[in-house]
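**Student:** Build me a model:
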Amino acid sequence: MLETLLLHLLQSLPFLSSAQAVLVFSLLLGTVQTLGVFYAAHAVMSVRSSRGAIAWSLSLILLPWAAIPLYWIFGRRRFHGYAELLYSAYSDHRQHIEAAFQPLIQYRIALDPALEPVQHLAETLCPLPFTTDNQTELLIDGIQTYEAMLQAIAEAQDYILLQMYILQDDGIGNQFRETLIAKAQAGVRIYILYDGIGSHGLSKRYVQSLQRSGITIGVFKSTRGRGNRFQINFRNHRKILVADGRVAIVGGLNIGDEYLGKHPPLSPWRDTALRLQGPAVQCVQCVFLGDWYWATRKIPSVSWRITPAPTTTALEALATPESVLIFPTGPADRLPACLLFFVNIINQAQTRLWIASPYFVPDGATLTALKLAALRGVDVRILLPDRPDHLLVYLCAFSYYNEMQSAGVKLYRYQAGFMHQKVILIDDRLGGVGSVNLDNRSFFLNFEMTVMMATPHSIQHIESMLVQDFQRAAPVKLTTYDHRSWGFKLAARISRLLAPIL
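**Tutor:** Model prediction:
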């Protein structure tokens, strides 16, 4: 069809004779077919899954006109240039970077022997260690999270680092803007980084008002760098606030009114963030600086002085020294670190594995690990939202129902609003809060960050929170998918076929 339309178009051009039009068409057709074969070979050599390689190679050979542009955008699984740039920065600033990392080593802690496999893999995949003398506080939903963030901003004396996937020009967005401008006018240095695709709707007026106040703003663009023009399928999905290197707030919330439940029908909005103090804050700061350097090619001056968690008697209940790992992952990793880490901790579960994720589009390895955990007697529970915010992703989850439940995995749908939190709990030993969804995009295509905690204090708080969430959820019955219409099942299966790009 496209070939016929192209030939008619060329023949309609007044400056080409019929013979010339046929010649030009033949040259274009031969070029496109050759490119299709070339990219098909590239897909076979580079696409991670055999299913993806087969799908891409057949499409590129049979439908090259449509498949080639799609392959330019969606075919890449590795983010080019990022790791190389950071290595160059390390070479240029080695002395300063090593001086910043050296204090962290003093706070590295060896975990319980039962968690040694987890720690060894984590510290092999990531340069940041498990550290002790931290303090964590769960922040439940938008009001509590934003209050903690605004308080940290208000108390900052030297600098503020703020990174968001989505930054909105709305009610809460303007409250942050006004607070940040006031701090900048008081002499506090402020650096804001947002994802160029996630925050594509952010108005110029909003950005310019911040810049006029002396705030430095960077945009994380995946297309930056030579050869990356079509590298638009990647996102920087991290959410970070650091104040003076003393306090950090991370988790699943962006800045926007929807996270306060002001956008029905996705309300009330259920989410979780985490407030950190201690050496883990410096680890969060390292992650921000790497992303900032990609966006701006500059390194701001920050404090590397580590402030251990409070130890005064009055704060004893809150100040139990906690073991924390800051685990950043992304498509620039040499290995698929996010996938490897999560499959590993799933395999470590012995009695309990509870996961809360707004999206459930697991790859084959994760799917197998979850089923094996349930089959060996682990209490595997997966909490999903009952309301969709992305239809294809929502539909895709249904296609996994039968095989998951047949293996003994318990699925729950959250009823009290839209659930957006990303939380994991393994036995009584390990808990995590971060930005990672249980889907292909988080595992392979997004820059993410998870905070793992290995202290009874934090595990108990995560358990208590998830128990309440499960009480607000309805268990999914084994027959739920079977009783759906043929059209719904077809839509779910098609969504699953599109999983590599969802």
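**Student:** Show me where the stretch 401-502 of the chain dips below the pLDDT cut-off.
**Tutor:** The model of the stretch 401-502 of the chain has pLDDT under 70 over residues 499-502.
**Student:** What are the boundaries of the helices in it?
**Tutor:** 401-406, 440, 456-471, 486-497 (DSSP state H, counting those that start in this stretch).
**Student:** From the contact counts, what lies against whichever strand or helix holds residue 85?
**Tutor:** Assigned by DSSP states H and E, residue 85 belongs to helix 82-92. Using 3 or more CB pairs under 8 Å, 6 or more residues apart in numbering; DSSP states H and E, the elements in contact with helix 82-92 are helix 280-296. Any C-beta I mention is one placed from the backbone N, CA and C, and that applies to glycine too.
**Student:** Would you tell me what the next helix or strand after the helix it packs on is?
**Tutor:** strand 322-329.
**Student:** coming back round to it: the helices of the stretch 401-502 of the chain: which one's closest to residue 415?
**Tutor:** Residue 415 sits nearest to helix 456-471 of all the helices of the stretch 401-502 of the chain, at 9.9 Å, using CB to CB.
**Student:** List the buried residues in the closest one.
**Tutor:** Buried residues in helix 456-471, defined by neighbour count with 16 or more other CB atoms under 10 Å: 458, 459, 462, 465, 466, 469, 470.
**Student:** Not counting sequence-adjacent ones, nearest residue to the last one?
**Tutor:** Computed as CB to CB, 6 or more residues apart in numbering, the closest residue to residue 470 that is not its neighbour in sequence is residue 412, at 6.0 Å.
**Student:** Then the first one?
**Tutor:** By the measure of CB to CB, 6+ apart, the closest residue to residue 458 outside its immediate chain neighbours is residue 136, 5.1 Å from it.
**Student:** Who are the contact partners of the one you found?
**Tutor:** With contacts defined as CB atoms under 8 Å, 6 or more residues apart in numbering, residue 136 is in contact with 274, 275, 276, 322, 324, 451, 453, 457, 458, 461.
**Student:** For the third one, grab phi and psi.
**Tutor:** Going back to what we said before, that points to residue 276. phi -120, psi 140 (degrees, to the nearest 10).
**Student:** That one bridge partners, please.
**Tutor:** Under DSSP bridges, the beta-bridge partners of residue 276 are residue 136, residue 248.
**Student:** Was I right to think it contacts residue 325?
**Tutor:** No - look at residue 276 against residue 325 with CB atoms under 8 Å: they stay out of range, at 11.5 Å.
**Student:** Mind listing the shared neighbours of those two?
**Tutor:** When contacts are counted by CB under 8 Å, 6+ apart, residue 276 and residue 325 are jointly contacted by residue 451.
**Student:** what bridges to the residue most central in space within the chain?
**Tutor:** By CA atoms, centre = their mean, the chain has its centre lying nearest to residue 448, at 3.5 Å. Beta bridges link residue 448 to residue 329 when assigned by DSSP bridges.
**Student:** what's it in contact with, if anything?
**Tutor:** Residues in contact with residue 448 (CB under 8 Å, 6+ apart) are 237, 238, 328, 329, 330, 338, 434, 435, 436, 442.
**Student:** Could you dump these into a markdown table and include distance to residue 217?
**Tutor:** As requested, those are exported to a markdown table (distance: CB to CB, whole Å):
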| residue | distance to residue 217 |
| --- | --- |
| 237 | 19 |
| 238 | 16 |
| 328 | 21 |
| 329 | 25 |
| 330 | 21 |
| 338 | 28 |
| 434 | 24 |
| 435 | 21 |
| 436 | 26 |
| 442 | 26 |
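**Student:** Which ones among these lie within strands?
**Tutor:** Among the contacts of residue 448, the members falling in strands (DSSP state E) are 328, 329, 434.
**Student:** Residue 375 - nearest residue in space that isn't next to it in sequence?
**Tutor:** Nearest non-adjacent residue to residue 375, counting by CB to CB, 6+ apart: residue 407, 5.5 Å away.
**Student:** How many neighbouring residues does the residue lying closest to residue 454 once chain neighbours are set aside have?
**Tutor:** Nearest non-adjacent residue to residue 454, counting by CB to CB, 6+ apart: residue 323, 4.4 Å away. By other CB atoms under 10 Å, 24 other residues sit near residue 323.
**Student:** So for residue 425, which of the helices of the stretch 401-502 of the chain sits nearest?
**Tutor:** helix 456-471 (5.3 Å).
**Student:** how near is residue 78 to residue 84?
**Tutor:** Plainly put, residue 78 is 11 Å away from residue 84 if you go by CB to CB, to the nearest Å.
**Student:** Same check on residue 357?
**Tutor:** 32 Å.
**Student:** what about these two, which has more around it?
**Tutor:** Neighbour count, other CB under 10 Å: between residue 357 and residue 84, residue 357 has more, with 24 against 11.
**Student:** wait, doesn't that one sit right on residue 393?
**Tutor:** No - judged on CB under 8 Å, residue 357 makes no contact with residue 393 at a distance of 10.5 Å.
**Student:** Could you name every residue contacting both of those two?
**Tutor:** Both residue 357 and residue 393 are in contact with residue 439, where contact means CB under 8 Å, 6+ apart.
**Student:** what residue ranges in the protein score low on pLDDT?
**Tutor:** 1-18, 20-25, 29, 46-52, 93, 225-228, 230, 310-319, 499-502.
**Student:** Break it down into its domains, please.
**Tutor:** 2-74, 82-121+129-322, 337-501 (automatic domain parsing).
**Student:** any idea which helix or strand carries residue 384?
**Tutor:** According to DSSP H and E, residue 384 maps onto strand 379-385.
**Student:** on that earlier part again, the residue nearest to residue 454 and residue 451 touch, don't they?
**Tutor:** No - using CB under 8 Å, residue 323 makes no contact with residue 451, being 11.2 Å away.
**Student:** hmm, back to that, state the distance from the residue nearest to residue 454 to residue 255.
**Tutor:** Using CB to CB, residue 323 is found at 30 Å from residue 255.
**Student:** Also residue 435?
**Tutor:** Taking CB to CB, one finds residue 435 at 14 Å from residue 255.
**Student:** Give the residues shared as contacts by these two.
**Tutor:** With CB under 8 Å, 6+ apart, residue 435 and residue 255 have no common neighbours.
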